[in-house]
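J.: Here is my input; please provide its structure:
(chains A and B)
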Amino acid sequence: MREFANKYLPDRDSVRKRLPDWASDLFPLSPKEKAADDSRIREENKVEEAWYQDKKMYETGPEIKKAVAEGKLAEIPRRNYYYQEESGKIKSAESAAQCPPERYCGAFVISKNVKGDYPPALSVEAAILLEALTLEFGRRLKNAGLIFTPEQGNLQINSLTRSAERQQELLEREGRPAAEAEASTHTKGGAFDIAYSTFGRPPEGKIKKLSAI
Amino acid sequence: MTGNEYVMKSSRILEEILSELQERGGFHFMKEKSQRVFHVAVRPDLTPDQVRENFALLVEHSLDKKG
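T.: Sure thing, here's the model as predicted:
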């Protein structure tokens, strides 16, 4: 079978070269491409390393839980909708239907793969950024004619604050992420990852407000 | 519009916002192709009000361009 494939099927690189940009972005990386991508990320990450060099990592899940309880980190709801009032204030809503139709509405959902012994959490500054980004994304989608519906236009958050233990586990088990725990802003509460290959419908679930903000 | 076109357009819009945000300073983003994610970080010395303000300026600028 492999011989047949090698002889008659086009090789991976020639297929990839013929793809449009967007499809090329979704094409799985070869080990060599992944190594190059990881190396680029480590280089680009130096900006964040410099910003966070004096910040302490969250070593364990209980440390993250404690930081949430003390208000040092904001707990992030698994799903949330937002709209902006005329005054400019950003408000939470329990569903897209509750966003006033004349206002822009945005939503995010945390991937079901984000699990562990601590809640989804971010620094207060990063949580505010996520909220504002979600709303702005909804506004631009609507302006672009990609009208927000409950089925479309949701940002999917794949990663938030991660304990150093969890970071090490991922590195050993999955060879990701690219950065070591000390160099990662995820272990310090200041970063989140948004999927760019899916903008689907959030799962049903209880809505909570970002009370720490 | 196909699902792939929708994803492509949405992804470009998201990247556009993140690029504009990074240009304003205080934020950093990276495209992590192997994970198919945009990694987004905020500078730790920004206050919550500064984050809100930077974002409001970005939105204002975008509305000005449009209109």
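
J.: Secondary structure element holding residue A:86?
T.: Of the helices and strands defined by DSSP states H and E, none includes residue A:86.

J.: Number of residues surrounding it?
T.: If you count neighbours by other Cβ atoms under 10 Å in any protein chain shown, residue A:86 ends up with 8. In short, each C-beta sits where N, CA and C put it, glycine included.

J.: again with residue A:64
T.: Close neighbours of residue A:64, defined as other Cβ under 10 Å, add up to 27.

J.: Over to the one 4 residues further on?
T.: Look at residue A:68: counted by other Cβ under 10 Å, it has 21 neighbours.

J.: Verify the contact between it and residue A:75 for me.
T.: Yes - the criterion here is Cβ atoms under 8 Å, and residue A:68 meets it with residue A:75 at 5.0 Å.

J.: Now do the residue nearest the centre of chain B against residue A:190, distance only.
T.: Per Cα atoms, centre = their mean, the C-alpha nearest to the average position across chain B is that of residue B:18, at 2.0 Å. From residue B:18 across to residue A:190, the span is 15 Å (Cβ to Cβ, to the nearest Å).

J.: Pull the number of nearby residues for residue A:4.
T.: Using other Cβ under 10 Å: residue A:4 sits among 8 other residues.

J.: rewinding a little: tell me which element the closest residue to the residue nearest to the centre of chain B other than its chain neighbours is part of?
T.: Nearest non-adjacent residue to residue B:18, counting by Cβ to Cβ, 6 or more residues apart in numbering or on different chains: residue B:29, 4.4 Å away. Assigned by DSSP H and E, residue B:29 belongs to strand B:27-32.

J.: what residues does the following helix or strand past that strand touch?
T.: Following strand B:27-32 in sequence order, the next helix or strand is strand B:37-42 (DSSP H and E). With Cβ atoms under 8 Å, 6 or more residues apart in numbering or on different chains as the test, strand B:37-42 has contacts from A:41, A:48, A:51, A:123, A:125-126, A:129-130, A:133, A:158-159, A:185, A:190-196, B:14-15, B:18, B:26-32, B:51.

J.: rerun at 6 Å
T.: With contacts defined as Cβ atoms under 6 Å, 6 or more residues apart in numbering or on different chains, strand B:37-42 is touched by A:48, A:125-126, A:129, A:158, A:185, A:190-196, B:18, B:27-32.

J.: Could I get the CA-only coordinates of that strand as CSV?
T.: Presented in CSV, the C-alpha positions along strand B:37-42 are these (Å, rounded to 0.1, in the frame of the first residue of the first chain):
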residue,chain,number,x,y,z
VAL,B,37,-4.2,28.9,17.7
PHE,B,38,-3.4,32.5,18.2
HIS,B,39,-1.5,32.9,21.5
VAL,B,40,-2.4,36.3,23.0
ALA,B,41,-0.6,37.9,25.9
VAL,B,42,-1.0,41.1,27.8
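
J.: angle of it against strand B:27-32?
T.: Counting by axes from the mean of the first three to the mean of the last three Cα atoms, to 10 degrees, strand B:37-42 lies at 160 degrees to strand B:27-32.

J.: partners of strand B:37-42, with directions?
T.: Take DSSP bridges as the rule and strand B:37-42 pairs in its sheet with strand A:191-195 (antiparallel), strand B:27-32 (antiparallel).

J.: Which parts of chain A are helices?
T.: Secondary structure of chain A (DSSP state H): helices located at A:2-8, A:12-17, A:21-26, A:31-44, A:46-51, A:61-69, A:124-143, A:164-174.

J.: tell me the most buried of the ones you listed?
T.: Neighbour counts (mean count of other Cβ atoms under 10 Å in any protein chain shown) averaged over each of the helices of chain A peak at helix A:124-143, with a mean of 23.

J.: For chain B, give me the ranges with low pLDDT.
T.: Low-confidence segments of chain B (pLDDT under 70): B:1, B:63-67.

J.: thinking again about what came up before, quickly, which of the helices of chain A bottoms out on average pLDDT?
T.: Note on those: lowest mean pLDDT is at helix A:21-26, with a mean of 68.

J.: one step back: neighbours of the residue nearest to residue B:18, just the number please.
T.: Residues within reach of residue B:29, counting by other Cβ under 10 Å, total 21.
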